[in-house]
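S.K.: Mind looking at a prediction? Sequence and model below.
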Amino acid sequence: MARTLINVPKTAGAGEIVTIKTLISHPMETGFRPGADGRIRPRDIITAFTCLYDGETVFRAELFPATAANPYLTFTLRATRTGPLTFTWRGDNGFTQTETATLTVT
Amino acid sequence: MSRSALLVLAALTAADCAAGPARAAEIPPAERRSGFDTMSPDIQAMQRDGMSNPGLLWLEDGADLWTKAPAPDRPACAGCHGEAGTAMRGVATRYPAWDAESAAPIDLQGRVNACRRRHQGAEPYPYESRELLGLTAYVAAQSAGLPITVPDDSRLGPARAAGRALFTQRMGQLGLSCAACHDDHPGRRLGAALIPQGHPTGYPLYRLEWQGVGSVQRRLRNCMTGMRADPFGYGASEFVALERYLMDRAAPLPVETPAVRP
């Protein structure tokens, strides 16, 4: 399990635009770098990120080898209803991680 | 080459020689500046923002280790020290400190490992391991914002002197010393890189170049490799002495752990 930091405002007014910030611990090995033994280290990156808001995809990103380690993704969405936010990161070697947070609309 | 160009060259060389050993004076406390001040606004924001600073991922690891007992019959860090926020506040401002048991100065990483060996009956963490960096960063971060102090401990005198000597001693194939850049030419450029005053205010810190958190010793080894000198080993007494001198030299700048640097 990779460590993640997710920042979602606890509450938001209906129709308000809120900023979501996510950070995940991942080496994002590009697949182009030689290791200490001179061999190329196999690629190990996160390739996809999605955010579901109450089951609906509100943000999706594809990631490529030029992305820095510990990718930080931030985006905005319009708060319309109280519901769960589900964050999923997928990557090489079967990497998958899901975290949830709840956005309460007042 | 024209005569005037030669004259300019001669003047420059003379100025350089004059500037060389004579200028290696310490930066007065009021003029000490953290490397933070000269970073780009983007990286400054990355450090300041409690969410985008990737060093926090290590800090979280450290927070877990603080409360986790290494073995069922052994205390966790919190078992003796209690809440890190109160017990560890200000600790990082006075390290490296004197360790009575080994009768030598010890830095924060060394203290964490010494505690593990003596009180937790566990193997010390390897240098630059995620655990050691996380725990050290977690302890150091409790002092964030507090000014670095110069401990009033005469037993640290020899380490200070040794650190100062190492700082000013020319070493490696390029014949550089720490002071030749960080005392004489801060604010100027070495190639594309801006030369900072070289204050270890935010260690362990997240360096974008490393794509991870590293200790001050890793940084010093980098510098030594750049000077084409043979770097000291991790945990070497030379490094602890240098760290002691560097902290004296950085006081009273505030602790920034976990800092972000390019």
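M.R.: Yep, it's here.
S.K.: Write out the residues of chain A neighbouring chain B.
M.R.: Proximity of chain A to chain B is confined to A:3, A:5, A:7, A:21, A:23, A:25, A:27-28, A:68-70, A:72, A:74 under the rule C-beta under 8 Å from any C-beta of the partner chain. From N, CA and C alone the C-beta is placed, and that goes for glycine too.
S.K.: Could you point out which residue ranges in chain B have low pLDDT?
M.R.: Residue ranges of chain B with pLDDT under 70: B:1-24.
S.K.: Contact residues of it facing chain A?
M.R.: Looking at chain A, the residues of chain B close enough under C-beta under 8 Å from any C-beta are B:51-52, B:54, B:56-57, B:60-61, B:208, B:211-212.
S.K.: Please convert the buried members of the residues you listed into PyMOL selection syntax.
M.R.: The buried residues among the residues of chain B next to chain A can be selected in PyMOL (16 or more other C-beta atoms under 10 Å in any protein chain shown) with this line:
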select buried, chain B and resi 52+54+56+57+60+61+212
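S.K.: In helices, which of the residues of chain B next to chain A fall?
M.R.: B:56-57, B:60-61 (DSSP state H).
S.K.: If we ignore the residues flanking it in sequence, what's nearest the residue of chain B found nearest chain A?
M.R.: Residue nearest to chain A within chain B: residue B:211 (3.8 Å; C-beta to the nearest C-beta). Among residues not flanking residue B:211 along the chain, residue A:69 sits closest, at 3.8 Å (C-beta to C-beta, 6 or more residues apart in numbering or on different chains).
S.K.: secondary structure class for the one you found?
M.R.: coil (DSSP: H, G, I helix; E, B strand; the rest coil).
S.K.: Would you mind measuring from it to residue B:206?
M.R.: Using C-beta to C-beta, to the nearest Å, we find residue A:69 at a distance of 10 Å from residue B:206.
S.K.: who has more neighbours, these two?
M.R.: residue B:206 (26 against 18; other C-beta atoms under 10 Å in any protein chain shown).
S.K.: Report the beta-bridge partner residues of that one.
M.R.: residue B:213, residue B:260 (DSSP bridges).
S.K.: who are the neighbours in contact with it?
M.R.: Counting by C-beta atoms under 8 Å, 6 or more residues apart in numbering or on different chains, residue B:206 touches B:53-55, B:58, B:212-213, B:258-261.
S.K.: Same question for residue B:260.
M.R.: Taking C-beta under 8 Å, 6+ apart as the test, what residue B:260 contacts is B:39, B:43, B:46-47, B:53-55, B:202, B:205-208.
S.K.: just the buried members of these?
M.R.: Of these, these count as buried by 16+ other C-beta under 10 Å: B:39, B:46-47, B:53-55, B:202, B:205-207.
S.K.: Quick check: the residue nearest to residue B:211 touching residue B:209?
M.R.: No: Residue A:69 is beyond contact range of residue B:209, at 11.1 Å (criterion: C-beta atoms under 8 Å).
S.K.: And what about residue B:221, helix, strand or coil?
M.R.: helix.
S.K.: quick one: it and residue B:232 touch, right?
M.R.: Yes: counting by C-beta under 8 Å, residue B:221 touches residue B:232, with 7.4 Å between them.
S.K.: re the thing from before, of the contacts of residue B:260, closest to residue B:176?
M.R.: Proximity of these to residue B:176 (C-beta to C-beta) peaks at residue B:207, which lies at 20.8 Å.
S.K.: Kindly provide the distance from the residue nearest to residue B:211 to residue B:140.
M.R.: 21 Å.
S.K.: what does residue A:9 give?
M.R.: When residue A:9 is compared with residue B:140 (using C-beta to C-beta), they lie 30 Å apart.
S.K.: These two: who's more crowded?
M.R.: residue B:140 (27 against 13).
S.K.: Where does that one fall, secondary structure wise?
M.R.: helix B:130-141 (DSSP states H and E).
S.K.: Please enumerate the helices of chain A.
M.R.: Under DSSP H, chain A gives no helices.
S.K.: can you give me phi and psi for the closest residue to chain B within it?
M.R.: In chain A, the residue that lies nearest chain B is residue A:69 (3.8 Å; C-beta to the nearest C-beta). Dihedral pair for residue A:69: phi -60, psi 160, per degrees, to the nearest 10.
S.K.: related to what we said a few turns ago, residues contacting the residue of chain B closest to chain A?
M.R.: Here residue B:211 is in contact with A:27-28, A:68-70 (C-beta under 8 Å, 6+ apart).
S.K.: now for those residues, which pair is the farthest apart?
M.R.: By the measure C-beta to C-beta, A:27 and A:68 form the most distant pair in the contacts of residue B:211, at 10.4 Å.
S.K.: From the neighbour counts alone, determine which of those two ranks first.
M.R.: A direct count of neighbours by other C-beta under 10 Å for residue A:27 and residue A:68 places residue A:27 higher, at 14 against 11.
S.K.: And the strands in chain A?
M.R.: A:4-7, A:11-12, A:17-24, A:46-53, A:56-62, A:72-78, A:83-91, A:96-105 (DSSP state E).
S.K.: Buried residues of the third one, list them for me.
M.R.: So the one you mean is strand A:17-24. A:18, A:20-24.
S.K.: Pipe those into JSON lines and attach pLDDT per row.
M.R.: Below are these laid out as JSON lines (pLDDT from 0 to 100):
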{"residue": "A:18", "pLDDT": "96"}
{"residue": "A:20", "pLDDT": "95"}
{"residue": "A:21", "pLDDT": "95"}
{"residue": "A:22", "pLDDT": "95"}
{"residue": "A:23", "pLDDT": "95"}
{"residue": "A:24", "pLDDT": "96"}
